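J.: Need coordinates for the below:
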Amino acid sequence: MKVNSMDFDNPIGCYDASVQELIVIDDILSAMVGVEGRHVLIKIVHGKHDDVTFQVDPSMDLALQELAKRIFPLCRSFLLINQFVESRSQFKSGLVNHAFSAALRALLIDYQAMVAQLEHQFRLGRLSLQGLWFYCQPMMGSMLALSTVIQKASANNFSGSAVLNLLQNQAKAMAGDNAVRLLLEKMTQCASNAYLSILERWVYEGVIDDPYGEFFITENKSLQKETLTQDYDAKYWRQRYSLKDGIPSFLANIAGTILTTGKYLNVMRECGHNVQVPPSENSKLMSYGSNHHYLECVKAAYKFASGELLNLIKEKYDLVGKLQSIKHYLLLDQGDFLVHFMDIARDELARKPDEVSVEKLQSLLDLALRTTAASADPFFEGVTCVVERSSLLKTLGTIKDLEVNQSSSGSNDPQEPVSITALETFSLSYKVLWPLSIVLSRKALTKYQLIFRFLFHCKHVDRQLCGAWQMHQGIRALNTRGTALSRSSLLCRSMLKFINSLLHYLTFEVIEPNWHMMYNRLQSANSIDEVIQHHDIFLDKCLRECLLLLPELLKKVERLKSMCLQYAATTQWLISSSIEIHSPEEPIDDSISSNKAKQRKSGNLSQVLKSTTGSVAVMDSVLKFEKEFNAELQSLGSILSSSSQAEPYLAHLAQSILGVKNEKNGL
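T.: Numbering: from 1, shown residues only. Down below sits the predicted model:
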């Protein structure tokens with residue numbers, strides 16, 4: 001920039017060179033602390049990028065000008081740093097900027113003390129301009145590096161972890177200058193003390209004390225723990241506390257551990273369990289350095305918090321006991337209550353879903369639970385009734401996050417049956433309280449309910465077929481050869497073997513082994529997150545191996561079950577109506593022996609059954625059932641066999657199903 005000599009009061013060029021040097025030294029010493037001299041002017045440029053420029057009298061000796069210009073960067077650095085300290089000491093700047101400004105202020109005090117000593121030497125006549133340049137060298141590099149940092153911080157309005165990352169990156173960039181690097185590392189440590197105090201409260205108490213929003217963990221206070229039993233996505237556990245952008249680079253590798261540690265402590269606080277990481281001489285996190293002591297402190301805090309929460313949930317809240325109780329009811333591990341319930345609730349379950357009284361079902365369920373072995377379970381009162389509004393297939397289609405294997409086109413989309421009863425939509429639920437709702441969330445319970453609905457309906461089909469089989473056995477003594485009943489008896493046996501093979505597969509080859517695998521993993525789990533992971537793996541594996549995530553196979557099974565129910569209803573009606581036709585008792589003479597009466601009654605009943613079931617229409621109906629059932633069974637067996645290469649667990653079911661097919665003609 002060209003400067004006119006008229007900008008200065010008296011041109012310095014009119015003096016001798018030795019006098020000029022004295023005047024220049026005096027002006028530079030003033031400029032070093034931000035004060036203008038008579039022949040050195042300071043121009044401060046404000047804006048996004050603050051800057052400082054210096055102007056010297058152009059009449060000054062050229063050699064003196066060159067020496068002065070070498071010292072101006074130090075003067076400029078002082079002014080920029082001093083301005084940063086003043087602006088960043090305000091409350092709104094945040095704790096890290098406050099701490100950084102305090103460290104810079106201490107450095108500026110040392111700098112000003114150095115200037116005062118130089119001025120004293122100048123007053124004694126012992127300081128030349130060359131000597132001044134020499135004495136400024138030790139501070140020059142440090143002040144320049146710091147001015148670079150604060151210019152970047154000011155231009156981008158950095159705070160919190162951004163300031164720490166900037167300091168740390170600048171220290172790495174100055175690796176060749178040991179003195180400057182050490183100073184920047186010291187500044188980083190001073191600035192990080194405030195940040196580490198926030199971190200310390202979080203990992204030792206589970207409390208976020210962050211008045212300026214600088215911490216890399218944010219809290220969403222709108223999410224409450226009570227939502228875990230209602231929110232399918234379990235947002236509370238995942239989003240109540242979460243990581244945000246701006247993690248300090250020296251904490252980046254353990255950010256997840258830090259988040260989890262505080263979450264665990266916070267859960268215990270929410271449970272009213274006042275817990276704090278036990279203090280020790282070396283547990284303070286108020287120091288950042290190359291020894292990485294803070295990392296060891298965080299790991300120790302995590303280990304303590306994880307173990308403490310796991311013990312609390314396992315011991316005080318009996319997580320395993322709750323899981324076993326849910327297994328009893330929702331996975332039908334102990335089914336005696338279900339048999340009683342299905343007997344007493346038969347009429348109510350036969351209604352349409354929107355006509356069912358859930359309160360009545362609940363009272364019947366309570367009666368079944370209290371009058372069977374389930375009453376010995378201390379948690380049986382947590383079981384409740386639910387009647388859904390859609391079929392299992394449609395429900396599975398609406399749960400988007402399930403990895404349903406849709407191998408077919410849109411024509412295979414689930415369709416609601418024309419007439420659906422509560423038997424297809426009935427389910428059980430389970431009351432889960434905090435903190436067990438972390439593991440047994442709404443999503444987990446929904447998966448349990450899907451499995452229950454499938455098992456429950458299979459049990460219903462089995463009961464109906466057993467009823468039909470009993471009716472066949474009740475008339476076994478009668479002569480039914482040549483009628484549709486003999487053919488129907490074989491078909492009933494095939495259907496029973498199919499449904500029993502399916503139930504055996506679901507319970508003994510899917511649920512039981514997967515449950516024991518999960519149970520063993522829970523015993524060795526080291527954190528609640530591992531428990532959640534093992535539990536989720538168990539449920540997802542059961543859903544897949546129970547065919548609930550394989551729509552093509554599930555639809556085949558549902559079709560077969562529907563045929564079994566139609567057959568059972570038709571057969572029971574046919575036999576019972578035939579018996580009712582013969583129900584009017586003929587008067588029996590007392591002189592006739594009871595044996596003869598029984599023989600005559602049996603013969604008459606046999607004739608009625610023969611006449612009823614010997615018709616072509618009834619025989620065609622039975623043969624139609626048999627043909628359709630065998631075709632569907634063959635189709636299912638083929639799909640299972642071809643799918644077993646990709647899904648090995650299907651090989652067991654395929655073997656059972658094909659076994660049913662091959663034995664359908666046996667007795």
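J.: can you list the weak-confidence ranges in the protein?
T.: Counting by pLDDT under 70, the chain contains low-confidence ranges at 1-9, 47-50, 228-234, 276-291, 335, 400-418, 474-484, 575-618, 658-667.
J.: spatially speaking, which residue is in the middle of it?
T.: By Cα atoms, centre = their mean, the chain has its centre lying nearest to Arg238, at 5.1 Å.
J.: How about the backbone phi and psi for that one?
T.: As for Arg238, its main-chain torsions (degrees, to the nearest 10) stand at phi -90, psi -30.
J.: likewise Leu41?
T.: Backbone torsions for Leu41, taken as degrees, to the nearest 10, come to phi -100, psi 150.
J.: Please parse this structure into its domains.
T.: Listed by the TED database, the domain ranges of the chain are 12-159, 196-316, 317-401+421-440, 452-580+614-659.
J.: In TSV: those domains, plus distance to Gly176.
T.: Just so you know, the C-beta spots here come from the backbone N, C-alpha and C atoms, and that holds for glycine as well. Listed next are the domains of the chain as TSV, based on distance: least, Cβ to Cβ, whole Å:
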stretch	distance to Gly176
domain 12-159	11
domain 196-316	17
domain 317-401+421-440	51
domain 452-580+614-659	44
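J.: And the ones you listed: which comes nearest Lys172?
T.: Nearest to Lys172, of all the domains of the chain, is domain 196-316, at 9.7 Å by Cβ to Cβ.
J.: Gln117 is in what secondary structure piece?
T.: Using DSSP states H and E, Gln117 sits in helix 95-123.
J.: what helices or strands is that helix leaning on?
T.: Helix 95-123 makes packing contacts with helix 17-31, helix 62-88, helix 129-155, helix 161-173, helix 178-205 when contacts are defined by 3 or more Cβ pairs under 8 Å, 6 or more residues apart in numbering; DSSP states H and E.
J.: List the buried residues of the helix or strand that contains Thr261.
T.: According to DSSP H and E, Thr261 maps onto helix 255-270. For helix 255-270, the neighbour count (16 or more other Cβ atoms under 10 Å) marks 257-268 as buried.
J.: Same question for stretch 23-42.
T.: By neighbour count with 16+ other Cβ under 10 Å, stretch 23-42 contains the buried residues 23-33, 37, 39-42.
J.: do the same with stretch 330-339
T.: For stretch 330-339, the neighbour count (16+ other Cβ under 10 Å) marks 330-332, 334-335, 337-338 as buried.
J.: now for the biggest helix by length in the chain, which elements pack on it?
T.: Determined from DSSP state H, the single longest helix within the chain is helix 442-474. For helix 442-474, the elements it packs on are helix 319-330, helix 336-344, helix 392-398, helix 422-425, strand 426-430, helix 484-504, helix 528-545, helix 551-581, judged by 3+ Cβ pairs under 8 Å, 6+ apart.
J.: got the contact list for stretch 79-94?
T.: Stretch 79-94 has contacts (Cβ atoms under 8 Å, 6 or more residues apart in numbering) with 34, 42, 44, 50-52, 97-98, 100-101, 104-105, 107-108, 143, 146-147, 150-151, 153-154, 159-160, 212, 214.
J.: Could you tell me which of those residues count as buried?
T.: Neighbour-count burial (16+ other Cβ under 10 Å) applied to these gives 42, 50, 52, 97-98, 100-101, 104, 107-108, 143, 146-147, 150-151, 153-154, 159-160, 212, 214.
J.: Touching, Leu365 and Cys385? I think so.
T.: Yes - if you go by Cβ atoms under 8 Å, Leu365 and Cys385 touch, sitting 5.5 Å apart.
J.: what do the two both touch?
T.: Common neighbours of Leu365 and Cys385 (criterion: Cβ under 8 Å, 6+ apart): Leu428.
J.: Nearest residue to Phe54 in space, please, no chain neighbours.
T.: With Cβ to Cβ, 6 or more residues apart in numbering as the criterion, Phe54 has its nearest non-adjacent residue at 4.6 Å, and that residue is Phe72.
J.: quick one: that neighbour and Arg38, what's the gap?
T.: For Phe72, the distance to Arg38 equals 16 Å [Cβ to Cβ, to the nearest Å].
J.: what's Cys546 sitting at in phi/psi?
T.: phi -90, psi 10.
J.: related to what we said a few turns ago, could I get the helices and strands packed on helix 95-123 in a markdown table, plus columns for distance to Ala525?
T.: Below are the helices and strands packed on helix 95-123 laid out as a markdown table (distance: least, Cβ to Cβ, whole Å):
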| stretch | distance to Ala525 |
| --- | --- |
| helix 17-31 | 67 |
| helix 62-88 | 47 |
| helix 129-155 | 44 |
| helix 161-173 | 32 |
| helix 178-205 | 21 |
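J.: of all those helices, which lies closest to Ile657?
T.: helix 178-205 (55.1 Å).
J.: helix or strand right after the closest one?
T.: Assigned by DSSP H and E, the successor of helix 178-205 is strand 217-219.
J.: by contact count, what packs against that next one?
T.: Using 3+ Cβ pairs under 8 Å, 6+ apart: strand 217-219 touches strand 241-243, helix 255-270.
J.: Out of those, which is closest to His504?
T.: Per Cβ to Cβ, nearest to His504 of the helices and strands packed on strand 217-219: helix 255-270, 40.4 Å.
J.: so what secondary structure elements neighbour the closest one?
T.: When contacts are defined as 3+ Cβ pairs under 8 Å, 6+ apart, helix 255-270 packs onto helix 178-205, strand 217-219, strand 241-243, helix 293-311, helix 528-545.
J.: C-alpha coordinates for it, PDB please?
T.: C-alpha atoms of helix 255-270 as PDB (Å, rounded to 0.1, in the frame of the first residue of the first chain):
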ATOM      1  CA  ALA A 255     -17.300 -42.100  21.300                       C
ATOM      2  CA  GLY A 256     -19.700 -45.100  21.200                       C
ATOM      3  CA  THR A 257     -18.300 -46.400  24.500                       C
ATOM      4  CA  ILE A 258     -18.800 -43.000  26.100                       C
ATOM      5  CA  LEU A 259     -22.400 -42.700  24.800                       C
ATOM      6  CA  THR A 260     -23.200 -46.200  26.100                       C
ATOM      7  CA  THR A 261     -21.600 -45.700  29.500                       C
ATOM      8  CA  GLY A 262     -23.700 -42.600  30.300                       C
ATOM      9  CA  LYS A 263     -26.800 -44.400  29.000                       C
ATOM     10  CA  TYR A 264     -26.300 -47.300  31.300                       C
ATOM     11  CA  LEU A 265     -25.800 -45.000  34.300                       C
ATOM     12  CA  ASN A 266     -28.800 -43.000  33.300                       C
ATOM     13  CA  VAL A 267     -31.000 -46.100  33.200                       C
ATOM     14  CA  MET A 268     -30.000 -46.900  36.800                       C
ATOM     15  CA  ARG A 269     -30.800 -43.400  37.800                       C
ATOM     16  CA  GLU A 270     -34.200 -43.700  36.200                       C
END
